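S.K.: Kindly generate the corresponding structure for this input.
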Amino acid sequence: MMADYRQRRDLAVRAFAEVPWMAMQAPASGPYLWGDVRAMTMDTVGFAESLLEEKKVAVMPGDALGVPGFIRLGYIADDVATLCDGVRRVIEFGDACFANRRQNG
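M.R.: Numbering: from 1, shown residues only. Purely as a prediction, here's the structure:
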């Protein structure tokens, strides 16, 4: 089970590695990843609410946990396909927000 969770963690971290608006490190343990979204926004509550509404993906805003500028993502999904789909949706959402932010200054 640990090897499976490590594989899922690494898969998600690799997927976010090329994302310009989020920095993420692989934790040594635990079922969550912390994404640093300060390059795009400090409003992690707004980010999380909009992501849920638009892409049906839930993340925890760091503000709610005393870590402003970060979002917490769980990587223990029912299966790898579900995890990959969720990661893809987060990236699509963030890419659109980041592009919009850059266009509008």
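S.K.: so how far is whichever helix in the chain runs longest off the chain centroid?
M.R.: Using DSSP state H, we find that the single longest helix of the chain is helix 80-103. In this view, helix 80-103 has its centroid 8 Å away from the chain centroid, taken as CA atoms, centre = their mean, to the nearest Å.
S.K.: Buried ones in it, by neighbour count?
M.R.: Buried residues in helix 80-103, counted by 16 or more other CB atoms under 10 Å: 83, 86, 87, 90, 91, 93, 94, 97, 98. Every residue, glycine included, has its C-beta placed from N, CA and C.
S.K.: Those residues into CSV, with extra columns for distance to residue 48 and pLDDT?
M.R.: Putting those into CSV (distance: CB to CB, whole Å; pLDDT from 0 to 100) gives the following:
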residue, distance to residue 48, pLDDT
83, 18, 94
86, 13, 96
87, 15, 96
90, 10, 97
91, 15, 97
93, 10, 97
94, 12, 96
97, 12, 93
98, 16, 93
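S.K.: List the residues that contact residue 33.
M.R.: Residue 33 makes contacts with 9, 12, 13, 16, 24, 26, 27, 72, 73, 74, 75, as judged by CB atoms under 8 Å, 6 or more residues apart in numbering.
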